[in-house]
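Novice: This is a predicted model, with the sequence first.
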Amino acid sequence: MSIDQRFTQFLTSIRPDGDQKTACKYEHTLLRERLAADPRLKGIVVTTLLQGSYRRSTLVQSEPGKKPDVDVVVVTTLSGNTPPATALQTFHGFLYTYYPNRWKLQGRSLGIVGSRVELDLVVTAAPSLAVQNRIRLDADRLDVDDQRVPRVTDWEREEPLWIPDREQGRWERTHPLAQIAWTQDKNRRTNGHYVNVVKVIKWWKRVQPSLPKYPKSYPLEHMVGDCCPDGITSMAEGVTRTFEAMVSAYSTWAQAGQVPALANRGLVGTNVLARVPAGDFRAFVQAVIGAARTARAAYDHRESPVAVQYWRQLFGPWFPA
């Protein structure tokens, strides 16, 4: 079996399986249909769309004992002047009706615990009627099974949505549409490898027992996105060069005990690493330095058995022997 074939098999083993995909689709579709049909929300709900790693195709298998997580954004006509807690309360009656004893308040969303899937209902406000209409028209094309995503420059020109932060007592900007469009554009520029490089590096971090919690989830994905080179032709090349680029980009920051500010896609002035502690960041970058060396050794050994051993050092027994 070639290294390419091993990566293909490895990716199959770390992606959500067929049952998990079916459960995710069923649960998010049901939630969205209920939101659209509830008479209490008529005139409030503009549309719904998916965001997060599930939508961006960067989701990996859940950890043992945990469920897949799907983010459902509900775009509303609510005003940004509405207190965040009040905005979230708008949906309490809906949740009591359809998900009794299965939902909880979170800082910036409403969590729904299903039997096989966890849903995050993310309430947002569109800043203008024009944005509401644009999102309503494009919502279906932004679904997980449709890859006809608008060009990244189109969404970067749009105004962001606003999300209520109950704990901070303020509304903050969010731009899931720009994230989706950016990811699809990046995937095209990397010959379809980018989303798989993200999955593999997420998995690598998971199997490092000594690493702290952060960065994880989207902040980690964002770092990979900034460092994954365009034009890569294989997973082995993509993983190796991404690790090496991360060393170049972040090691000076880590050595100085600092965390860089990385602006979210389409949102100048934001920082996706704002909540990452400096100590966690330093430990993460130190691990990346070691991973870059191991990946380079594996890549330079091409198809030899030694290469397989190096890849298994990085990814554990899930990478085929």
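Specialist: Sure thing, it's come through. All values reported here derive from a predicted model rather than from experimental measurement.
Novice: Could you list the low-confidence segments of this protein?
Specialist: 130-158 (pLDDT under 70).
Novice: domain parsing for it?
Specialist: Per automatic domain parsing, the structural domains of the chain span 1-174, 190-321.
Novice: what's the offset of the last one from the middle of its chain?
Specialist: When you say that, I think you mean domain 190-321. 15 Å (Cα atoms, centre = their mean, to the nearest Å).
Novice: Now do the end-to-end distance for that domain.
Specialist: 27 Å (Cα to Cα, to the nearest Å).
Novice: quick revisit: possible to save the domains of the chain as CSV with distance to Trp182 and mean neighbour count?
Specialist: Placement of C-beta: from N, CA and C, glycine included. Shown next, in CSV, are the domains of the chain (distance: least, Cβ to Cβ, whole Å; neighbours: other Cβ atoms under 10 Å):
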stretch, distance to Trp182, mean neighbour count
domain 1-174, 5, 17
domain 190-321, 4, 18
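Novice: Which residue ranges of the stretch 151-300 of the chain form helices?
Specialist: Ranges of helices within the stretch 151-300 of the chain are 152-157, 176-189, 194-206, 217-227, 235-255, 278-300, based on DSSP state H, counting those that start in this stretch.
Novice: so how far is the second one from its chain's centroid?
Specialist: When C-alpha coordinates are averaged (Cα atoms, centre = their mean), helix 176-189 and its chain have centres 11 Å apart.
Novice: Next: stretch 65-74.
Specialist: Using Cα atoms, centre = their mean, the offset of stretch 65-74 from its chain centre is 11 Å.
Novice: Now do the end-to-end distance for it.
Specialist: End-to-end for stretch 65-74, by Cα to Cα: 28 Å.
Novice: residue closest to the middle of the protein?
Specialist: For the chain, Ser53 is the residue whose C-alpha lies nearest the centre (Cα atoms, centre = their mean; 3.2 Å).
Novice: show me what contacts the closest residue to it other than its chain neighbours?
Specialist: Once flanking residues are discounted, Ser53 sits nearest to Leu59: 4.3 Å by Cβ to Cβ, 6 or more residues apart in numbering. Leu59 makes contact with 15-16, 52-53, 68, 199, according to Cβ atoms under 8 Å, 6 or more residues apart in numbering.
Novice: 10 Å instead?
Specialist: 14-16, 20-21, 24, 52-53, 68-70, 144, 195, 198-199, 202 (Cβ atoms under 10 Å, 6 or more residues apart in numbering).
Novice: the strands in this protein, which residues?
Specialist: Remark: strands assigned in the chain by DSSP state E are 45-51, 69-76, 103-105, 110-113, 118-125, 161-165, 170-174.
Novice: list the helices and strands the fourth one packs on?
Specialist: The helices and strands touching strand 110-113, judged by 3 or more Cβ pairs under 10 Å, 6 or more residues apart in numbering; DSSP states H and E, are strand 69-76, helix 92-98, strand 103-105, strand 118-125.
Novice: do you know which of those lies nearest Gln313?
Specialist: strand 69-76 (29.0 Å; Cβ to Cβ).
Novice: pretty sure Ser304 is touching Ile3, no?
Specialist: Yes. Ser304 is within contact range of Ile3, at 9.4 Å (criterion: Cβ atoms under 10 Å).
Novice: joint contacts of those two?
Specialist: Common neighbours of Ser304 and Ile3 (Cβ under 10 Å, 6+ apart) are Ala298.
Novice: between the helices of the stretch 151-300 of the chain, which gets nearest to Thr86?
Specialist: Closest among the helices of the stretch 151-300 of the chain, using Cβ to Cβ: helix 176-189, at 22.5 Å.
Novice: need the contact list for Val195.
Specialist: 11, 53, 56-59, 183-184, 186-187, 221, 224-225, 228.
Novice: how much space between it and Leu121?
Specialist: 25 Å (Cβ to Cβ, to the nearest Å).
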